[in-house]
Structure formats: C-alpha cells, structure tokens
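[1] Requesting a structural model of the entry that follows:
(2 chains)
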Amino acid sequence: MTMRLWFPASIVILWGGLALVSPLLPLNPHAIDLANILTPPGATTWLGYDDLGRSIADRLATGAQTSFIVALAVVFLGVTLGGLLGATSGYLSGWVDHIFVRIVDILLAFPGLLLAIALAAALGPGIENVIVALSLTGWVGYARLARAQVLSLKQADHVVAARAIGTSTWRILTRHLLPLLTAPLIVEASFGIAGAIIAEAGLSFLGLGVQPPEASWGSMIRDGTRYMLVAPHLVIIPGMTLMLVVLAANLLGDWLRDWLDIKDQVGKR
Amino acid sequence: MIPQFLISSVRKSPRFIIIIHWPATLLILALGLVFGACSSQPDPNTIRMGVAQAPTNLDPRYATDATSARINRLLYSRLVDFEQDATPVPSLATWVQQSPTHYVFTLRDHVPEFHNGQGVTSQDIKATYESILSPHNASPHRGVLHIIDRMETPSDTEISFYLKRTDPFFPSYLVIGILPANLIANRHPFSDHPIGNGPFRFLDRPDETRVRLVRQTDGQLVEFLRIPDPTVRVLKLLAGEIQLLQNDLPPELVAYLANQPTLHLQQSRGANFAYLGFNHQDPLTGNILVRQAIAHAINREDIIRYVFQNRARQAQALFPPDHWAGPVQLTGYPYDPDRARTLLAEAGFGISHRPTLIYKTSTDPFRLRLATIIQDQLSRVGIDVVIQSHDWGTFYGDIKTGRFQMYSLAWVGVKTPDIFRYAFHSQSIPPTGANRGRFASPIADHLIEQAEVSTNRTEQRTLYHDLQVHFLETLPYIPLWFEDHICFSSTEITGYRLESDGNFDGLLQVQRNTSTTHVASIRSPAI
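    Prediction:
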C-alpha cells in the first residue's frame, strides 16, 4: 500500500466514520451561545463558532453526515438505475436502444447541475428531494458506460454460448454481463461520489438543500460568506473540508481505476 | 512541495488537466477583472452614497419605501417638518388653527422656486393634495389625508384646510413634497423626472442602480448607488468608490468598519420600533399567558449586547422615551425563563404538551438570524417554534391579511400618535387600518379616542402614557428594541451629519475634500 492510496483513503474513511458515528457523539450543532458569536478557532474553542454562536466542529460533523447520506444514496440509485437501463438497452439493441440513446443524449446535453437545481426547486427544499434531483440527473453517465460495455461484452464467447443454449435474457444480463460491468461501474461511482458531494453542497449553498437549522457544508459556506471580512474561518473551514473530501474521493477513484486496469497490472509485472 | 503521489495521480488522469490549468485561468480572469475595473475611474468630484435598495418612486405622492422617502426629502419641500422630539414645526408654511376643523397655512417669505423656474403658490399645494386625495390616483397616502374635507386658496400664499372631523395631529400629516400644479395637470412623470423645490435637483438616472442629484447652492454632484450586498458596500467604501454608507449593515461589519482609521463613524439613537406581533384570534397566541411567557423567555439584553453589539436599546413601548408621547420609566418583561415556564404551565402547557408556534419573517439574513435566536430562546422554556421565511411580498401579504400566529417587524419613521388608532384600535382591522393581529380592547379604544379629542398636550401625554402601560399589560405586541442609526464617511468628505431619523439631510452640508486623494488618505495612517 502506497501513500497514493493511504492519503485519500484515510480522508474518506475519516469522513465516512464521522458521518456514521456522529449520531452517537454528544454533538450539539444547533445550540446557540450568543457570547461565542464569531469566535475564531483556538485552543479552547476548537474550530470556532458561527454567527449564532454554534460550534463549527459540531456542525462540520453533522454536515459530514448530510454529504455522506446524499453521496451514497445518489450513487447507489444512479448505479442501479443507470446500470440496469444501460445494460438492458445495449443488450436488446434495435429501436429500444435507439430511443434510449436519444434520451441519454438529450439529458447529457443539458447541464446536470442546472437540471438538478430546477428539479430541486420544483420538488422543494430538503435532503430527500436533493437525493431525488441528483439521482434523476446522475444515472445517465452510468447508463452510457453500462451500455457501451454491454455492446462489446455481448459478443463475448461465454455470452454467445449462453444464448445458444437458450438462457433467458434476464439471466444473461444478471449472471453473465453485470458481474463484468461491476469494475468499471465502481470506478465511475467513486468519481460520482465526489460529484454528488459537490452537487449537494452547491444546492445547499443555493438554499435548495437541507434547511436551517440543519447543517450542510454548502449552507455553512453560504452563511459564512456574509462574514468573510470579519470571520473568514466560517468559509475556510467548511470549504477546505469539502475540497479535501472531494479531492480524496477523486484520488481514490483514480487509484481504483489503475488497480482494476488489467493492462496496467500486466505492465507493472 | 507537492507530494509525488499527487503528481502521479494528476498526470495519469485527463480530468485533472483542468486542475493543472485552473490557477492560470483564475489569474487571467482576475487580471481581466482588475484591468476592467481600472478602465472606469469614478469622477473624483462626485460624492457617492451606497444604499441597499434603490428608490422605487421619486414621486412623493406614491413613494412608500425608506430610500425613496429620504431622497424625495432632498428633491421636494413640504409644508411641515419635525423637531428632534417629533413635534411638528413649519417648513414651507406657518399655520394657524382657526377652529378644530379649520387650519390656515401661509407660505413663508423667500420660498425657493421649483427647479423649472416657477414660483411656489398655494395652488401648487392644493393641486398636490387634491392629486393625492383623488381615488383615481390610488396614492398610498390617501388614507391618512382622507380627513381633509376641502381646500381653499384665498391668495397665492394662503391655503385653508377644512377637515371632516377634529384631529389635533393634522399638521403632522402634511409632510409630502409639493409639486407644480401645471405639471400635475399635464400628468408629468415625476417618478422619472422629478421637479420640486428642494435643496437638490434631479440630474439623471443612468441605470437602475444609480440616481444623480445636483445641490442647488453650489452644484455639488451627489450619486446614490444601489449595492444590495452589505459586504460589497463595505468593500466599495474601503476602496474609495463610495464615500458614505448609512445603516443596513450587520453589526459585525459596523464593528469592523469602526476600527478602520480612514473612516469616520457617526451613531445616533434610532426610533424604529422592532416588535413581535401576534394573531389575537388564534387560540394559542390569543392567550395572554402565552404572550407573557414569550415576553419573559426572550433575552433582549443578551441579543442587544452580543448580536447588536450594544448598537440598539430595549423598547418598552412603540415610542422611545425621548419622543413627546413616549412613556418614561416603564418596566417591561425582564428575562425570566422560570417565570415563563410557570406562565406556560398556568396556560395548560408543560414538558409533555409543548405548544408549537409558526413564526413568520422575511428572507433578510439578519432578520432570519434574529428569528433563529428567538426560536432557540423560546425552545428553552418549552415553546417549539417553526420559522417560515418568505420573500418580502409574500411575507407582508400574509401579515396584512392576518395569516400568521407570530411575526417580527418594525414600525419605521413613525412620528405621530395617530399610529395608535391605525395599529391598535378595534375598528382598524385591515383594510381600514393596520390592526393586523385583530387586537380588541375597549380600554385601548377609549384611551385612543380620548387622546384624539384632547387639545391639551399634557393631557395627551398622560393618556398616551396610560395607553402604552395598558399595551404592556395586554401585549398586543412584544416590544423588542430600537436599532441605532449608523453612518460611515470616508476622510475624502467633511461636514456630513447623521440625522436622528436616518434621513439624508446631512448631504446639504457635506463637502468633498478635493485636495486629498483616496490613496493618500488610506496610506496616511501607515506613514
């Protein structure tokens, strides 16, 4: 194991761990202490306090939970929906595939975040609606990848053999094709996690994500922008955290892609 | 030094090409912005003031927002003005009360001409008020002036107002700018091209964010710039793009600017009354015990100390003690969470049966912040609060139609006690008045009516004192605070004086120091 793995892995583990453990910790992200308004980070004040005198450390941990839930849910729904639809379309070919490709092309031509903003605005603010909005725009990438993979894999010998002995389409898809799609989809999903974190933060920044007083990194940054001149830590701390987690998710995805790339592995040997 | 593993990752991934180049892209963009900004240097002789909202209407017959009202004061003159304690005093004209329903106003000598060169006559005054009173024009000020029965102009300098009923505060209502009669008849668009006889004349409005005026006495150009974001307003003041900034700043930015050696801070006690309003027909907020519990649960002292940074004072009544009708030495509801819990228990609520209130406010971040603090303080005594923040139009519409349990708002620029009838009399339910909470008290009605017919100022003061004591007992509103007025001016200008009601009259005396450039003024403390 190299530093290239451990650096992003440790950040992602820390993020996920914090998100999973935060409900069990004695955190008080909504407790208002007027005497601590805009207190900067220090030895006794941890990461400081926000404009209502709430602990930034506690809100950061709660925000980790928000981003973790959204990222996992969006990626899970995207991979499942996109993977199944893409694989089916690629395998069936013909007019089904034609229609499917046109739909995917239309959705890809539309800016993803803009569509998510429109959907979130139409559905109303809230974490559930953020998940729905991001999933409805995020499945397309997985679908295109799954379709492309299936188009080449369906000519593979074992698939042709399965078809020759009369195996059902559903069985071929689930037993012979989807297992081979797992690796590229996992790599894509790792990048999708980074995208979902950014998108959730963006929607919360715009006020379409989690609603006050619940914490999200995006809403923490938005609230902090009003105090950039007097309390820059309100923006810097959640901003740096967001950047580190997204960077780590991307680096981990890169590592995963290289690790799963058989050509790369052979080259190294 | 960049770790090797990062470099290898970046090199292997095409998606990171953009990351490699983004600092350079940002640098190019930043340079573009800098050079772009440098290309339009502001005129060094103009005095610029940053305002949060642009004036919506420069026709005083229709203007209702604070910025319009303050700029219109500069463009137009009015019959009556106010002293520091809100006592009405003559401005364009002196007056004599001939009978309880008959006032005669006489134009003073040497009244300035209109900006188009016409002289001001009583016909102009009559035409202005007739225009406001005409139902076809739908002026928002018609309601207050509806008391006028008719007007007569026996001479060019004299006008008689005949009233439908007696009202000792009538002269206080004649504060609307006077317009030329012939232009009113020609339906001149005053909002786009104001013509008054105020100390400033309108120059132009180059775009929606800027209004330029010229001072009549010396030709000094004054420009109002709409800059909605307070941080941007502050940065523009520090950069020398504006020279004046008045109010509409978060307390933290006020404290930040107060420490800037290149700026001059003026502060005065404000009289804008912030309050919590209630729906008195709601079973929960209509209960006096619940309202008293809320009053005891709010720690106004801490909010003023930590949030306003002591730039506000506690309110016990609608008028501050320095107003002639303001009560003195009233003791309100001190912060006492135990007492609040006891009152809630008396009202039938407890730990297992917590009341839930819907608290409406605007989307203004500072108002939302105050609402969140109040939500927290009420939660500590056992009242759950759900905050609903709406854009101003929706919020104000809900308040006017009574669709609320609890809300926070402020009365701005109130000078005369006729507000008591308007906001609290049982016959002032909207649309007739502004008794939005449907408060009904025979005692309050009686005191309001008694004070209205009294012609003795001392007796009126006593009656209004009793009325405000009654309000403190019955809590139609919970009084919160009066926010201070704040003004920052750069060292590039001198002579600006902050007025007690936050108007812009200080612009009459302000001078631009042409001998010192902004750069010199900023650097001088460091040298």
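[2] For B:Arg512, the count of nearby residues, please.
    20 (other Cβ atoms under 10 Å in any protein chain shown). Where C-beta positions appear, they are placed from N, C-alpha and C, glycine not excepted.
[3] That one contacts B:Tyr496, correct?
    No: using Cβ atoms under 8 Å, B:Arg512 makes no contact with B:Tyr496, being 10.5 Å away.
[4] Check which helix or strand the closest residue to chain B within chain A maps to.
    Proximity of chain A to chain B (Cβ to the nearest Cβ) peaks at A:Arg4, 3.4 Å away. Using DSSP states H and E, A:Arg4 sits in helix A:3-21.
[5] residues from chain A in reach of chain B?
    A:2-4, A:7, A:30-32, A:34-35, A:37-38, A:51-53, A:191, A:212-213, A:223, A:225-231, A:250-251, A:254-255, A:258 (Cβ under 8 Å from any Cβ of the partner chain).
[6] again, only this time at 6 Å
    A:Met3, A:Arg4, A:Ile32, A:Leu34, A:Ile37, A:Leu52, A:Leu229, A:Val230, A:Leu251, A:Asp254 (Cβ under 6 Å from any Cβ of the partner chain).
[7] What separation do you get for the first one and A:Arg175?
    Distance check for A:Met3 against A:Arg175: by Cβ to Cβ, to the nearest Å, it reads 39 Å.
[8] How about the fourth one?
    A:Leu34 is 62 Å from A:Arg175, where distance means Cβ to Cβ.
[9] Same check on the second one?
    As judged by Cβ to Cβ, A:Arg4 and A:Arg175 stand 35 Å apart.
[10] Of the two, give the one with the bigger neighbour count.
    Between A:Arg4 and A:Arg175, counted using other Cβ under 10 Å, the more crowded position is A:Arg4 (20 against 12).
[11] so what's the more buried one scoring on pLDDT?
    Looking at A:Arg4, its pLDDT reads 81.
[12] do the same with A:Gln65
    Reported pLDDT for A:Gln65: 94.
[13] can I assume it sits in a helix?
    Yes: the assignment for A:Gln65 is a helix, going by DSSP: H, G, I helix; E, B strand; the rest coil.
[14] Can you get me a residue count around it?
    That count, for A:Gln65 with other Cβ under 10 Å as the rule, works out to 22.
[15] Just list the residues touching the spatially closest residue to it that is not a sequence neighbour, thanks.
    Take A:Gln65 and drop its neighbours on the chain: the residue closest to it by Cβ to Cβ, 6 or more residues apart in numbering or on different chains is A:Ala19, 4.3 Å away. By Cβ atoms under 6 Å, 6 or more residues apart in numbering or on different chains, the contact set of A:Ala19 is A:Ala64, A:Gln65, A:Phe68.
[16] Check B:Trp411 too.
    Here B:Trp411 is in contact with B:Phe273 (Cβ under 6 Å, 6+ apart).
[17] In the sheet, which residues pair with it? Tell me.
    B:Phe273 (DSSP bridges).
[18] and it, what pLDDT?
    90.
[19] and what of B:Pro100?
    On the pLDDT scale, B:Pro100 gets 87.
[20] same check, this time on the one 3 residues further on
    Looking at B:Tyr103, its pLDDT reads 95.
[21] give me the element the nearest residue to it once chain neighbours are set aside is part of.
    In space, and not counting its chain neighbours, B:Tyr103 is closest to B:Phe161: 4.6 Å by Cβ to Cβ, 6+ apart. B:Phe161 belongs to strand B:158-163 when assigned by DSSP H and E.
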